[in-house]
Every structure is written in C-alpha cells, then in structure tokens.
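[1] Predicted model and sequence follow; I will ask about them next.
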Amino acid sequence: MFACADGAAPDETAKALAGKTGIKLFVGPEGGFTRGEMEFARSKGAMSMSLGHYTLRTGTACLAAVSALLTRLG
C-alpha cells in the first residue's frame, strides 16, 4: 500500500485490505513518487490510498496513513 494524491479513499483501501496481514506502507518523498515508481508498485500488486488534498511532510504522512487505516481496520 502506498500513499499518493491520486489513490483511493481510505475507506475503499481499508475494505480491500480487510483480512490481509503483513501490510506494508510506503510514503514517498515530499515531491511524490515518480510515474515509474507508481507503475512498478502497481505491477507488484500494491494499492494506493489518498491522504486528502494537501501535501503532507513525510513524517506526518506516515502517521496520517497508519491512523486512517487502523481506525478503519480495527
């Protein structure tokens, strides 16, 4: 799972991740992932999740993404 601006909403992502274990979260640099990085991740089965309209700093994005998933996954 990786956080990017054009990803799915957290609710949709959590539904797709329900029941899975060993979830890995990737948060890119403040400039975002390159197109090649996103295509590679998707080709390996990674899903993307949006953290909203704002660009977050890397440390903040990690906490926001984990919080968004944990509140939905339980």
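    Thanks, I have the structure now.

[2] Over to residue 66. Which of the three states is it?
    helix (DSSP: H, G, I helix; E, B strand; the rest coil).

[3] try the one 3 residues further on
    Judged by three-state DSSP, the three-state class of residue 69 is helix.

[4] Can you report how many residues lie near it?
    18 (other C-beta atoms under 10 Å). Bear in mind the C-beta positions are built from the backbone N, C-alpha and C, glycine included.

[5] how about the nearest residue to residue 14, chain neighbours excluded?
    Of all residues not flanking residue 14 in the chain, residue 72 sits nearest, at 3.5 Å (C-beta to C-beta, 6 or more residues apart in numbering).

[6] buried set for the helix or strand that contains that neighbour?
    Using DSSP states H and E, the element containing residue 72 is helix 58-73. By neighbour count on 16 or more other C-beta atoms under 10 Å, the buried set for helix 58-73 is 61, 64-65, 68-69.

[7] which other helices and strands contact that helix?
    Applying 3 or more C-beta pairs under 8 Å, 6 or more residues apart in numbering; DSSP states H and E, we find helix 58-73 packed against strand 2-8, helix 10-17, strand 26-27, strand 48-49.

[8] quick one: residue 68 and residue 10 touch, right?
    Yes. In terms of C-beta atoms under 8 Å, residue 68 counts as a neighbour of residue 10; the distance is 4.1 Å.

[9] Spell out which residues are contacts of both of those two.
    Residues touching both residue 68 and residue 10 by C-beta atoms under 8 Å, 6 or more residues apart in numbering: 49, 51.

[10] any idea how far residue 59 is from residue 16?
    Plainly put, residue 16 is 26 Å away from residue 59 if you go by C-beta to C-beta, to the nearest Å.
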